[in-house]
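Asks: I would like the atomic coordinates for the input below:
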Amino acid sequence: MNTSNTPTPLTVITIGATTMLAGAVRELLSRGATVFSVSRAPERLSVPAQYASHYIPVPANWKDPLGISEKLIAALQAAHTTTVDAALIWIHSAYRPAVVKHIEPIINPQGMLMHVWGTAGILKSERLRTRNIDTRHVILGSVADMYSSRWLNHEEISGAVIHAWDYPHCATPPLAQVPVCLIEESTPVKVFQVGDRY
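Replies: From the prediction side, this is the model:
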């Protein structure tokens, strides 16, 4: 996953991205991004030595949105930066509105906010509309053949997320190993379906 022509934002926040989205985080690091990784155990994501200085672990729990904001601001200040260019979030739906409310002010107005949603999908009414910034929702489906279906694996999920991240400058052939389709667009919101709808 390293063929995009799209400039990667220099400063990225990830929340809940140390396991299934680990490949996406490593891809962003390989493109030169500095990643502030918010997780209960951000150190469990193994990062190649050449990118280690650009991976900033921020131990925090998404059940404490204010705590996340405070710890992020402290980490950003320690790194001599005050805003971020993009945020990648995959946490339980119940906590998202509060988490987004607290991190929105530090996202650059020209930046991007990307949500990853589990295989159950989301209703339109549940999609978070933030201030007027590029907001992308990636809805994970399944992979089916004529006899059965299966969940997406970690590599497929990360590939799909990076593919949606690069839109509309997606690499050819696509970074994702499964279909990634833009199914809805209403400025500034874009919704992508990965694999088959479940």
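Asks: So Gln193 lies in a helix, does it not?
Replies: No. With DSSP: H, G, I helix; E, B strand; the rest coil as the criterion, Gln193 is assigned strand and is not in a helix.
Asks: any idea of the pLDDT on the residue nearest the centre of the chain?
Replies: Nearest to the mean C-alpha position of the chain, counting by CA atoms, centre = their mean, stands Leu88 at 2.5 Å. Looking at Leu88, its pLDDT is 96.
Asks: element containing it?
Replies: Element membership of Leu88, judged by DSSP states H and E, is strand 84-89.
Asks: Quick check: what element follows that strand along the chain?
Replies: Per DSSP H and E, strand 84-89 leads on to helix 96-103 as the next helix or strand towards the C-terminus.
Asks: what angle separates that next one from strand 84-89?
Replies: Relative orientation of helix 96-103 and strand 84-89, computed by axes from the mean of the first three to the mean of the last three CA atoms, to 10 degrees: 160 degrees.
Asks: contacting residues around helix 96-103?
Replies: 13, 15, 62, 65-66, 68-69, 72, 87, 89, 91, 113, 115, 128, 130 (CB atoms under 8 Å, 6 or more residues apart in numbering). Backbone N, C-alpha and C define where each C-beta goes, glycine included.
Asks: give me that answer again for 6 Å
Replies: Here helix 96-103 makes contact (CB atoms under 6 Å, 6 or more residues apart in numbering) with 62, 65-66, 69, 128.
Asks: How far does it sit from its chain's centre?
Replies: Between the centre of helix 96-103 and the centre of its host chain there is 14 Å, according to CA atoms, centre = their mean, to the nearest Å.
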